[in-house]
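>>> Let's see this in three dimensions:
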Amino acid sequence: MVLSMVTAKKRISLYLDEALKSDLERLAKIRKRSLSNLIEVLCEEELERARNNGELKDA
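Take a look at the predicted model:
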């Protein structure tokens, strides 16, 4: 049985080097997250750093 999740999140395609993908999958498993969720969290953290250092200003 396959359950479909309804979400407002947007889907993107991402090309990664095999070694980078492998390391991210290992880290996601350690942190008990899906690969998609780990990448989302890492992006959020980087955007927060960019906002805090003035690199990315909120509109």
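>>> isn't Leu27 right next to Leu38, touching?
Yes: counting by CB atoms under 8 Å, Leu38 is a contact partner of Leu27 at 6.3 Å. In short, each C-beta sits where N, CA and C put it, glycine included.
>>> Who has more neighbours out of those two?
Leu38 (18 against 13; other CB atoms under 10 Å).
>>> what's near enough to touch the residue nearest to the more buried one when sequence neighbours are not counted?
Among residues not flanking Leu38 along the chain, Ala28 sits closest, at 4.1 Å (CB to CB, 6 or more residues apart in numbering). Counting by CB atoms under 8 Å, 6 or more residues apart in numbering, Ala28 touches Ser34, Leu35, Asn37, Leu38.
>>> what number of residues lie near Asn53?
8.
>>> For Glu45, see how far away it is.
13 Å (CB to CB, to the nearest Å).
>>> Same question for Ala19.
Counting by CB to CB, the gap from Ala19 to Glu45 is 21 Å.
>>> So which residue is dead centre in this protein?
Ile39 (1.7 Å; CA atoms, centre = their mean).
>>> so what's that residue up against?
Leu14, Leu24.
>>> what about Lys57, neighbour count?
7.
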